[in-house]
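Student: would you be able to build a 3D model of this:
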Amino acid sequence: MKSLYNYLFVFLFFSCNSVDPEPEAPCEIEGIDGVVCIEVYEPVCGCDNITYSNSCYAQNSVSSWTEGECSG
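Tutor: This next block holds a predicted model:
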């Protein structure tokens, strides 16, 4: 009977997840009025799946992006 309690304890111990996942940062952010970006076409794909002409424009609209155009 004692070993049953030990197995139960070990099972419960390892089945508990005490680490809460970090909440994701919101994709869209509130841009700053009057930001001036240069007109260089170096496309980036924003986390909102919109292609921006360069990282300056993306930085004023979304929290993260990757280099290159969005697919699809």
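Student: what about the protein, any weak spots by pLDDT?
Tutor: For the chain, applying pLDDT under 70 flags the ranges 12-13, 16-23.
Student: tell me which stretches of it form strands.
Tutor: For the chain, the strands defined by DSSP state E cover 44-46, 51-52, 65-67.
Student: which positions in the last one come out as buried?
Tutor: Pointing back at strand 65-67 there. W65 (16 or more other Cβ atoms under 10 Å). No exception for glycine: its C-beta is placed from N, CA and C like everyone else's.
Student: so which residues make contact with that strand?
Tutor: 42-47, 52, 55, 58-59 (Cβ atoms under 8 Å, 6 or more residues apart in numbering).
Student: next, format those residues as a markdown table and append distance to V36 and neighbour count.
Tutor: Conversion of the contacts of strand 65-67 to a markdown table gives the following (distance: Cβ to Cβ, whole Å; neighbours: other Cβ atoms under 10 Å):
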| residue | distance to V36 | neighbour count |
| --- | --- | --- |
| E42 | 16 | 12 |
| P43 | 19 | 16 |
| V44 | 18 | 22 |
| C45 | 22 | 19 |
| G46 | 19 | 21 |
| C47 | 23 | 17 |
| Y52 | 15 | 22 |
| S55 | 14 | 16 |
| A58 | 15 | 23 |
| Q59 | 12 | 19 |
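Student: pull the most distant pair out of those residues.
Tutor: E42 and C47 (17.4 Å; Cβ to Cβ).
Student: what about the nearest residue to I38 once chain neighbours are set aside, distance to S3?
Tutor: Once flanking residues are discounted, I38 sits nearest to C56: 6.8 Å by Cβ to Cβ, 6 or more residues apart in numbering. Using Cβ to Cβ, to the nearest Å, we find C56 at a distance of 65 Å from S3.
Student: cool, and A25?
Tutor: 47 Å.
Student: what's near enough to touch S53?
Tutor: Counting by Cβ under 8 Å, 6+ apart, S53 has contacts 39-43.
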